[in-house]
Structures are given as C-alpha cells and as structure tokens.
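[1] sequence isn't available, so here's the structure alone:
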C-alpha cells in the first residue's frame, strides 16, 4: 500500500460531545454525559455517497465533509437517557457497560425495555477493552481491575477476586489503562505518562499476573522521539495562494473507485505501545497510531499521514476488534468529533 492509493476521508461532526463508539453497524454518540444517541451507520455512509465534494490528489488523496447533529437526524434509531452523569462506557456483545458515581453497570441493547444491572458498587472512571475480549477497569484510588466478560478466561489467583468476576490487578492509583496484547499499561495521576506495566501469563484462557512493574523515568524518556516540524500537516482544507502549496493540490476530474461503505480488507490501524518498542507489530502494512509523543501521529511505513497537537485530542478510538471498522480513527476534540477513514482507491 502506498500513499497515492490511500484515500483519507475526514468527516467532521461539529459540536461538543462526551464520548462515541462505532459498533455492529451502529454509531453511538454521547451528546452529553447523560444522553446517548444511536444512529444507523450504514445508512448514513450510503447517503454520503450522494454528497458532492472534491477529492484532492496531492500531496495525498483526501476528502472532507462537515456535518451537524441535525444532519444525522434521519439516521437516528434510538435515544437513551440516564439519570446520573456517566463516567465512561464500552460496548461488547451488544451490551453497554458503563459507570457512574453509584457503580459499574451493564445494559442489554437487544431489547428496548431492559433495565440496567449493577455489577459492582465501585465507581469506575475508565473502561478499556482489548482485542482479545478482556476488560480493564480503572477505579482511581481503588486501583486497577479486570472484569471477566465471558467464561473464556479465568484466574487461578482467587485472592485477587473482589466480587464475582472482578479481579484486582494493581492497588496503585489508576486513571486509565491501555492494552498491549495480553498485558496492560497503567496510567496514574499523570494521564500522559504510563506508570506501571502489568505482565500476564495466558494459557488456554487461564490468566496469571506475573508482575506489576513501575515504568521508570528513563523508559519514559525513550518513549518520546525527537519531534521535527511536519511541513505540510494534513488539514484537508483547500489551500490559498498564500499557503505556497496551491499547485500541490488538484481537483479530481476522473472517476475514483472506492468502497461505498469505506470498508477495507487490508488497511488497519494499530496503536503503538507506550511501554516499549514492540517487535511484534507489523509497521510495514499497518497504519500506526502514536499517541505517546508530544504530537499525535498516524504513520504508514514511517511516513506521516496525520499529525496534530496531542493537547487537542480529548479522546480517540480505533477499532482493532472489528472487521469492518479497523481502518478508522475517531478523534474527539473540544468543539468537534473527527472521523478519519482510510481506504483504498483505484485511479
């Protein structure tokens, strides 16, 4: 895959939002901390095919479209309202997992009139799902835990069990955590720099915590490479004469062949590990998301496709557990939600 045949589609939803997720043909948008709107993603993408907009071929194929929440109204299927402020949420097996100040809950989405079920009385501030179907719960001063989503996994260390199916992994302050295969990277009161690396042994579903080691300052310093200014950030805006790049762009006048739903069999995004250089990651074929540097970056074969200041990124999601959405990167900013979709084109 080369940049000339990689189309970057940027969909900008203007407004302030709390959270978002794409799952099983539905787009879940938290318009605030107490309201969740569920849209039909496939119908929206199908409709976008009829919206006329230019594709700029230089310096790389790009297109951009602004929409508002009102524009999504025809695709709204359901609205869920909550009485308490939601801290975080996740979707697994058509079930919504969420937390507020009263505890950690689950709510089935297969039926409209189902009631939420409290799993644990502990408040959870961050929920993280792994590609392998494991769920980490960051509970602040109470530490870091795992909730066993299915019977596929089990712990032999029963002394770690707090309540049914919930096991404590670390007693250190946990603001959030990210998965590194079957291991976990835990963040403390500093939400930027990782604090602990929790290593597991997993054999046929049996889990065993091997170590919870601090990530020392030397390792942290090695995480951040020397930052060089990117001369042409991917703004996806039509340039002006003052930019000096006016003739680097051209309007597409030929037929561009692309997948109608912007799906891809070969393109996928992977998150670069914040704990160490990961030799298992295939940097040659994947789009690598680096969220641990001073600037948030996406690269292909060490060439930058996207770069923006890390402080502008309130939250982001990639969808490694899915088949149809693993070529997408969604970024929440203060005044918008930006959906980046990377797909092949034939020119």
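    Ah, there it is. Just so it is clear, the model here is predicted, and its values are computed rather than measured.

[2] which SSE is residue 296 in?
    Following DSSP states H and E, one finds residue 296 within strand 295-300.

[3] which strands and helices sit next to that strand?
    Using 3 or more C-beta pairs under 8 Å, 6 or more residues apart in numbering; DSSP states H and E, the elements in contact with strand 295-300 are strand 287-290, strand 303-309. Using the backbone N, CA and C atoms, a C-beta is placed for each residue, glycine as well.

[4] dump those strands to JSON lines, plus mean neighbour count and mean pLDDT.
    As requested, these are exported to JSON lines (neighbours: other C-beta atoms under 10 Å; pLDDT from 0 to 100):
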{"stretch": "strand 287-290", "mean neighbour count": "20", "mean pLDDT": "92"}
{"stretch": "strand 303-309", "mean neighbour count": "16", "mean pLDDT": "90"}
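
[5] out of those, the one nearest residue 152 is which?
    Distance to residue 152, taken as C-beta to C-beta, is lowest for strand 287-290 among those, at 26.8 Å.

[6] ok, which of the helices and strands packed on strand 295-300 comes nearest residue 19?
    Distances from residue 19 to each of these were compared using C-beta to C-beta; the minimum, 18.2 Å, belongs to strand 287-290.

[7] what about the closest one, distance to the chain center?
    Taking C-alpha atoms, centre = their mean, to the nearest Å, the mean C-alpha location of strand 287-290 is offset from the chain mean by 12 Å.

[8] could you do stretch 84-100 as well?
    So, by C-alpha atoms, centre = their mean, the centroid of stretch 84-100 is 15 Å from its chain's centroid.

[9] I'd assumed residue 272 was in contact with residue 288.
    Yes: if you go by C-beta atoms under 8 Å, residue 288 and residue 272 touch, sitting 5.3 Å apart.

[10] remind me which residues of the protein are low pLDDT?
    Counting by pLDDT under 70, the chain contains low-confidence ranges at 1, 217-260, 274-285, 347.

[11] which residue ranges of it form helices?
    Per DSSP state H, the chain carries helices over the ranges 41-48, 217-223.

[12] contacts for the longest one, please.
    The reference is to helix 41-48. Outside helix 41-48, the residues that touch it by C-beta atoms under 8 Å, 6 or more residues apart in numbering are 11, 22, 25-27, 65, 72, 74-75, 260-262.

[13] give me the buried entries from those.
    Buried members of the contacts of helix 41-48, scored by 16 or more other C-beta atoms under 10 Å, are 11, 22, 26-27, 72, 75, 261-262.

[14] got the residues you listed as a markdown table, with distance to residue 297 columns?
    Supplementary listing: these in a markdown table, determined by distance: C-beta to C-beta, whole Å:
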| residue | distance to residue 297 |
| --- | --- |
| 11 | 20 |
| 22 | 22 |
| 26 | 29 |
| 27 | 25 |
| 72 | 29 |
| 75 | 32 |
| 261 | 27 |
| 262 | 22 |
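
[15] which of those sits closest to residue 129?
    Using C-beta to C-beta, the shortest approach to residue 129 within these belongs to residue 22, at 13.0 Å.

[16] in the sheet, who's paired with that closest one?
    Each beta-bridge partner of residue 22 is listed here: residue 27, as defined by DSSP bridges.

[17] isn't it right up against residue 330?
    Yes: with the criterion set as C-beta under 8 Å, residue 22 and residue 330 qualify as a contacting pair; they are 7.0 Å apart.

[18] hang on, the earlier thing: what is the nearest of the contacts of helix 41-48 to residue 141?
    Taking those together and measuring to residue 141 by C-beta to C-beta, the closest member is residue 22, at 32.2 Å.
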